[in-house]
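# below is the sequence, then the predicted model.
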Amino acid sequence: MPKLRVTDDEVLERPFNRRQFMRLMQYLKPFRGKMALALVLMVIWSACNLSQPYLMSLAIDGFITPGSLQGYGWVIGAMIAVSLIGAVCIRYRVRLMDTVGRTAIANLRETLFNHIQELSFSFFDSRSAGKIMVRVINDVNSLNDLFSNGIVQVLIDVITLVLLLGVMLFANWKLTLAGLCILPFLLLILFRLKRVIRRNWQRVRNKTSNMNGYLHESLSGMRVTQAFTREKENGDTFIDVNQDIRKSWMRAIRVNNAFWPALDAVSAVGTVLVYVVGIRVLGVGSGVTVGTLLMILMYLGRFWEPLNNLSNFYNNLLQAMASVERIFEILDTPVEIKSPPDAPELPPIRGEVAFDDVTFSYDEEKVILKNVSFTVRPGQTIALVGPTGAGKSTVVNLVSRFYDVDSGAVRIDGQDVRSVQLNSLRRQMSVMMQDSFIFSGTIMDNIRYGRLDATDQEVMEAAKAVCAHDFISGMEKGYYTEVNERGSRLSTGQKQLISFARALLNDPRILILDEATSSIDTHTEMLIQQALDKLLQGRTSFVIAHRLSTIRKADCIMVVQDGRIAEAGTHEELMARQGLYWEMTKAQYAFLK
Amino acid sequence: MREQNAVLSTKTQENISGMRVVKAFAREDYEKEAFRKENREVLRLNLKVSYVWSDFVPVLDFLGSLCTPALMSLGAYMVVNGQLTLGVLVSFTNYVWMITGPMRNLGGVVNMLAMASTSAEKLFRYIDLGTSIKDKPVTRVPEKFRGHVVFDHVTFSYGDGVVLKDVSLDARPGQTIALMGATGSGKTSIINLMARFYECQKGTVSIDGVDVKDMPLQALRDRIGIVMQETFLFSETIGNNIAFGRPDLPQENIEAAAQAAQAGDFVADLPQGYETIVGERGLGLSGGQKQRVAIARALAYDPTILVLDDATSAVDMETEHEIQQHLQKQMKDRTTFIIAHRISSVQKADEILVLEHGCVAERGTHAQLLERKGLYYNMYLDQYRDFAAMEGQVS
């Protein structure tokens, strides 16, 4: 497995997009009050922070230099008070803004998840579960900084910078200008060097996600790897992938570590300039006192932080925009399959299913069903047979409206499936698919998924009906054994039995079995068949199976070929006809003989 | 908190993987509620952590900032009394600035150390696990692999409950052995022991006269080609998936293996053919298509012992029939193990073992087992009855 195959080249940053940004801000709207309060707190904090250097200069020029400490305690007291007020402000700001940010994130995540629940199968057909999960978890998380700190912090930083500049110019504009000579260089470092640093860290993230992808797949396929003795090759690939990370990390850290020294060097030049101008050029008689000099220098020292914050925010914003775009892409995916707003509930199904001139294709290129029409009477069992890819599964997918027809209509009890509440339709059907899916949880929970209010007793009854009771009770914790999709010790057949029980518990009016018993041994299948014969009474059912025994008993067998119903009738009728079905049966029989 | 985040990720991934089931049972609202609960829990824990920080950090900040007034109080007194120059005091105010930074960092470092030591602990636990199944210091290889597999009174359990009890079998080179039996009766365990994915507690498993425990794993598994019950394909091209066990295999051999597994036609129909990327991050193949690629992968491995573990369950009967006919040729020079449910898949085997609760309940050829009128006969009847009823119609 070459490492590049598992690389997803995710876009890591996007230029600022005002429309999307404003849309994102909608999620902060409910918190306007809290945010305003946080802003007020931060303005107070900023003022406190800026008054410290002034107090210092006051202490030196007003008390220490003249040598009189009368009333000096007030200055010290003010210093302490200002620190205290600042600390209190910070505490509440952190609480407020974290609450705002985290709650907004949680809300956004729920909106996203809920939207995904409504999306139709065609959406999931083209995307892996892992990729969608990254949207819901990682992309949403990456907005945290923006929500919690970003927005408010920008305002504060701008205010701080303005205040700072005002105070400095007021205190001594000449010294201020001398100190700010370095500003262009500073901006260069903050915004240009930061960009280089950011790009480098992105490369590290890219390589890391490569490794995660590789690791994830290697572990999932470990049995195959061991069976085919590829451990060494895979180990070598991993070393490469790992080395890639190390190299990109070292590159990133090298640039990264240049940042602070560069900043220090530039600001040292600023300090020197202030000293030189203050002492040499302006001289002792110019009113530049030691206190003023110190104050200007301290203010100058406070310049970097807001500027650094702003450049961080800018970097953050670009990254967030990439996530925002991906999140909105999902939120903007229209819900294709939905009930009309005023659709009525589907009354209890009697079980008549009719296809009326149905044409369907998954994508424009290939038509799967062509002008299919048929009617199934309540309580009938229909077997669908035909080669792989002929459209058998498609027929049943249309019955439960997992997809919508291109033309024609699917009707249940005379009602177009598109005209009723989707939930009321699906709740009355059970679909059992070829790939049975097991949720992590106990076996009890897994079966109960079919009907959430079923009692333990009812769950066991369902398990007994499908002959799953024996193997479940044989497990160490019986029905309370924890199982999950990967790594559990359930065999494929056992998983199928569990999802069979789940389907049955739902007490459906229409039952769809899409190769539901392919991995169950013949004997168990026979037992299930007997149980089913009873259970199917009064219910309409569609069965897709390969085994003749399952097919033969159906009230009607439909042979699906090239998107059409090529033949339909009972086993006897079709055998007598000596058509496709007869051919297929003969082929099987010949082999058995 | 990290754990809760992981719970949320798992929940999401599972919901999406199982979306078909969710929709089939119209359980969207239930899923939304379950997600909401986990999501709010993450929120609660996040805020808890942030509140702890919000109590802690400002206090530290405040204590740090007390240095300046303290310095200025004492300093002012000393300067006024002539014990200190103003310059030294000013330089000290700068030093105070410099010292608070590292002091704050120290808290971070302590935190980092704590995290590192918990991570290291977990890491070392895995490293110390060691490999329970590994090559012995002195290993033996059969002179020539011919594929003579012998199970001699093998008993085995995964830890809870015995899976195989006193199982013996003798598969001679070139023979085909079929394993049948109910779900969970121990069929797959036999394969797991042969390839030494697990080791038996009693008895021996040997290939060509050498106990598998004495063989180097590499050499052993190099001779066994397995098609597993649950097909796993890597996110890779189909060609590379087939050549997974033999990375240097020439293209024509890949295609020959695909043909033999009845995968050649559908692969050729794909726009990118053998270069099509499949697996979790690639094109989704149907269950039957995946199984055929997996069969091709095992055939391309050119093993002495071929194992088909329910390898055609998702393939329709006609295709299975064709695969089997092709396999007949392939199976001639190999020892083959077939696990299957269909009589049609196993009836030509040289020996059929019917397992029940980990024991061999019946063994023999198709004809012998039919005569016995036992489990196998019943299975046969189950499947054959349908045909018997229409004897006249098809012949």
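Yep, it's here.
# dump the residue contacts of the residue of the stretch 201-350 of chain B found nearest chain A.
In the stretch 201-350 of chain B, no residue comes nearer to chain A than residue B:245, which is 3.5 Å away by Cβ to the nearest Cβ. Using the backbone N, CA and C atoms, a C-beta is placed for each residue, glycine as well. Counting by Cβ atoms under 8 Å, 6 or more residues apart in numbering or on different chains, residue B:245 makes contact with A:228-230, B:225, B:297-298, B:300-301.
# tell me which element it falls in.
Assigned by DSSP states H and E, residue B:245 belongs to neither a helix nor a strand.
# measure it to residue B:80 for me?
87 Å (Cβ to Cβ, to the nearest Å).
# got the contact list for residue 194?
All of this refers to chain A. Contacts for residue A:194 (Cβ under 8 Å, 6+ apart) come out as A:259, A:311-312, A:315.
# that's the other chain; I wanted chain B
Counting by Cβ under 8 Å, 6+ apart, residue B:194 has contacts B:149, B:151, B:205, B:207, B:212, B:224, B:305, B:307, B:337.
# could you redo the last one with a cut-off of 6 Å?
By Cβ atoms under 6 Å, 6 or more residues apart in numbering or on different chains, residue B:194 lies in contact with residue B:205.
# roughly how far does it sit from residue B:307?
Counting by Cβ to Cβ - residue B:194 and residue B:307 are separated by 8 Å.
# what do you get for residue B:375?
According to Cβ to Cβ, residue B:375 and residue B:307 sit 22 Å apart.
# these two: which has the busier surroundings?
It is residue B:307, of residue B:375 and residue B:307, that has more neighbours when counted by other Cβ atoms under 10 Å in any protein chain shown, with 25 against 18.
# right, and that one touches residue B:226 too?
Yes. Counting by Cβ atoms under 6 Å, residue B:307 touches residue B:226, with 4.4 Å between them.
# which residue lies nearest the spatial centre of chain B?
residue B:232 (8.1 Å; Cα atoms, centre = their mean).
# same question for that one, what's its three-state structure.
coil (DSSP: H, G, I helix; E, B strand; the rest coil).
# figure out the helix or strand that the nearest residue to residue A:106 once chain neighbours are set aside lives in.
Closest residue to residue A:106 apart from its sequence neighbours, by Cβ to Cβ, 6 or more residues apart in numbering or on different chains: residue B:43 at 4.4 Å. Per DSSP H and E, residue B:43 falls inside helix B:28-65.
# repeat for residue A:87
If you go by DSSP H and E, residue A:87 is part of helix A:72-118.
# on that earlier part again, of the contacts of residue A:194, select the buried ones using a ChimeraX command.
Remark: buried members of the contacts of residue A:194, expressed as a ChimeraX selection using 16 or more other Cβ atoms under 10 Å in any protein chain shown:
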select /A:259,311,312,315
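# which parts of the stretch 201-350 of chain A sit against chain B?
Taking Cβ under 6 Å from any Cβ of the partner chain as the measure of proximity, the stretch 201-350 of chain A contacts chain B at A:217, A:221, A:224, A:227-229, A:290, A:294.
# where does pLDDT dip in the stretch 151-300 of chain B?
B:280-284 (pLDDT under 70).
# quick one: the helices in it?
All helices of the stretch 151-300 of chain B, identified by DSSP state H, counting those that start in this stretch, fall at B:187-194, B:217-222, B:238-242, B:251-260, B:264-269, B:287-300.
# how big is the angle separating the fourth one from helix B:287-300?
Orientation check (axes from the mean of the first three to the mean of the last three Cα atoms, to 10 degrees): helix B:251-260 against helix B:287-300 gives 130 degrees.
# helix B:251-260 and chain A, are they touching?
No. Using Cβ under 6 Å from any Cβ, helix B:251-260 stays clear of chain A, with a minimum separation of 13.2 Å.
# list of residues touching the next helix-or-strand element following the helix holding residue B:43?
Using DSSP H and E, the helix or strand that follows helix B:28-65 in sequence is helix B:67-80. Residues external to helix B:67-80 that are found in contact with it (Cβ under 6 Å, 6+ apart): A:59, A:64, A:67, A:69, A:76, A:79-80, B:84, B:86, B:89, B:92, B:96.
# ditto for stretch A:60-76
A:55, A:58-59, A:289-291, B:69, B:73, B:76, B:79-80.
# show me which of those residues is closest to residue B:136.
residue B:69 (73.5 Å; Cβ to Cβ).
# tally of neighbours for the closest one?
Neighbours of residue B:69 (other Cβ under 10 Å): 21.
# from residue B:103, how far off is the closest residue to it other than its chain neighbours?
Closest residue to residue B:69 apart from its sequence neighbours, by Cβ to Cβ, 6+ apart: residue A:79 at 4.2 Å. For residue A:79, the distance to residue B:103 (Cβ to Cβ) stands at 19 Å.
# same check, this time on residue A:384
On the measure of Cβ to Cβ, residue A:384 and residue B:103 end up 75 Å apart.
# tell me which of the two has more neighbours.
Counted by other Cβ under 10 Å, residue A:384 and residue B:103 do not tie: residue A:384 has more neighbours, with 26 against 13.
# just list whatever residues bridge to the more buried one.
residue A:544, residue A:558 (DSSP bridges).
# that one touches residue A:393, doesn't it?
No. With contacts counted by Cβ under 6 Å, residue A:384 stays clear of residue A:393, the gap being 8.5 Å.
# name the residues of the stretch 201-350 of chain B found near chain A, please.
Contact residues (Cβ under 6 Å from any Cβ) of the stretch 201-350 of chain B with chain A: B:218, B:221-222, B:226, B:229, B:232, B:234-236, B:244-245, B:280-281, B:287-288, B:313-314, B:316-317, B:321, B:341, B:344.
# can you add distance to residue A:483 and neighbour count and give the contacts of residue B:245 back as a markdown table?
Output for those, formatted as a markdown table (distance: Cβ to Cβ, whole Å; neighbours: other Cβ atoms under 10 Å in any protein chain shown):
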| residue | distance to residue A:483 | neighbour count |
| --- | --- | --- |
| A:228 | 28 | 24 |
| A:229 | 30 | 18 |
| A:230 | 29 | 21 |
| B:225 | 30 | 25 |
| B:297 | 28 | 31 |
| B:298 | 28 | 26 |
| B:300 | 34 | 26 |
| B:301 | 32 | 24 |
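# just the closest of those to residue A:143, please.
For the contacts of residue B:245, the minimum distance to residue A:143 (Cβ to Cβ) is 40.2 Å, reached by residue A:230.
# quick one, grab the pLDDT at the spatially closest residue to residue A:344 that is not a sequence neighbour.
Ranked by Cβ to Cβ, 6+ apart and with sequence neighbours excluded, the top spatial neighbour of residue A:344 is residue A:420, at 6.1 Å. Listed pLDDT for residue A:420 reads 90.
# show the contacting residues for residue B:55.
Not one residue lies near residue B:55 by Cβ under 6 Å, 6+ apart.
# pLDDT weak spots in chain A?
A:1-12, A:126, A:282-286, A:365, A:389, A:434, A:485-489, A:518-519, A:522, A:588-593.
# returning to what we had before: beyond the helix holding residue A:87, next helix or strand please.
helix A:121-125.
# C-terminal to that following helix, what's the next element?
helix A:129-134.
# report all helices and strands that that next one contacts.
If contacts are counted by 3 or more Cβ pairs under 6 Å, 6 or more residues apart in numbering or on different chains; DSSP states H and E, helix A:129-134 sits against helix B:2-17.
# and stretch A:250-264, which residues are buried?
A:252, A:255-256, A:259, A:262-263.
# now swap in stretch A:277-294 and tell me
Applying 16+ other Cβ under 10 Å to stretch A:277-294 flags A:277-278, A:282, A:288-294 as buried.
# tell me which residue in the stretch 151-300 of chain A sits closest to chain B.
Counting by Cβ to the nearest Cβ, the stretch 151-300 of chain A gets nearest chain B through residue A:228, at 3.5 Å.
# quick one, what contacts residue 203?
All of this refers to chain A. Here residue A:203 is in contact with residue A:248 (Cβ under 6 Å, 6+ apart).
# that's the wrong chain, I meant chain B
The contact partners of residue B:203, by Cβ under 6 Å, 6+ apart, come to B:152-155.
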